[in-house]
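Sequence plus the predicted model coming up.
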Amino acid sequence: MTNVIIIFIHLSAAGVALGSLIYCLMVYLPVVEKNPGERDENSPSYKILDLLAPTTFASILILIGSGVYYLLENYSAQVGLKPGYYNLFGIKMLFVALAFFPSMYMAFSLRIQISHLDLNPGNKKLVSPTLKKMIGLSKMTLWMVAVATFLGVWLARY
């Protein structure tokens with residue numbers, strides 16, 4: 001029963017991470033931004049990326065935590081796995097790390113630079129380049145999470 005709950009949490013976090021990234025980057029931003037060159041603190045990209053960065057980071061953190069907990073809970077069942085499982089698992093962990101660090105950078109560094117602009121009016125000039133950088137890193141994170149999710153589904157076949 002515990003494994004079912006852990007897997008449900010793991011898959012739910014993957015769904016939230018992928019779903020929010022796909023919706024925000026592929027559906028929402030292209031529709032609402034009329035001129036992507038003029039991004040400021042009132043633009044839709046500012047509002048949505050302010051919510052997207054911590055959501056993605058929390059989802060990736062839950063993915064890592066539930067995955068590690070599942071591995072620790074079922075370490076004895078991993079003896080009879082097919083050859084090549086750990087090779088794919090290592091590649092999956094590489095993609096997870098490549099998604100985790102940019103997500104952490106967006107949530108704790110880039111987002112903080114342009115938040116509370118009423119307290120730091122000098123940071124208004126940083127908004128457009130920071131949002132452009134956040135969108136680029138979010139797209140990279142989307143692909144890393146998508147590949148890691150695909151590899152996770154592939155590994156479930158072992």
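Sure, I can see it.

okay, CA-based contacts and neighbour counts for the rest of this
Fine.

contacting residues around the residue nearest the centre of the chain?
Closest residue to the average C-alpha location of the chain: Thr56 at 3.9 Å, with Cα atoms, centre = their mean. Thr56 makes contacts with 16-17, 20-21, 103, as judged by Cα atoms under 8 Å, 6 or more residues apart in numbering.

Where helices are concerned, which of these count?
If you go by DSSP state H, the contacts of Thr56 have 16-17, 20-21, 103 in helices.

Look up phi and psi at Ile114.
Note on Ile114: its backbone torsions stand at phi -110, psi 10 [degrees, to the nearest 10].

lowest-pLDDT helix or strand in the protein?
When each helix and strand of the chain is scored by mean pLDDT, DSSP states H and E, helix 111-113 comes last, with a mean of 85.

tell me which strands and helices that one is in contact with?
Judged by 3 or more Cα pairs under 8 Å, 6 or more residues apart in numbering; DSSP states H and E, helix 111-113 is in contact with no other helix or strand.

The closest residue to Leu29 other than its chain neighbours sits in which helix or strand?
Leaving aside its sequence neighbours, Leu29 sits nearest to Ser45 (Cα to Cα, 6 or more residues apart in numbering; 6.4 Å). Counting by DSSP states H and E, the element that carries Ser45 is helix 44-73.

returning to what we had before: highest neighbour count among the contacts of Thr56?
Sorting the contacts of Thr56 by how many neighbours each has (other Cα atoms under 10 Å) puts Ser103 first, at 28 neighbours.

Which residues are in contact with the closest residue to it other than its chain neighbours?
Excluding its sequence neighbours, the residue lying closest to Ser103 (Cα to Cα, 6+ apart) is Phe57, at 5.3 Å. Contact analysis of Phe57 by Cα under 8 Å, 6+ apart lists 100, 103-104, 107.

Among these, which pair sits farthest apart?
Among the contacts of Phe57, the pair separated by the greatest distance (Cα to Cα) is Phe100 and Ala107, at 10.5 Å.

you'd agree Val32 is up against Lys47?
No. Counting by Cα atoms under 8 Å, Val32 does not reach Lys47; the two are 11.6 Å apart.

any idea of the mean pLDDT for stretch 21-34?
Across stretch 21-34, the average pLDDT comes to 90.

can you check stretch 49-59 too?
93.

which residues of this structure score low on pLDDT?
35-38, 117-120 (pLDDT under 70).
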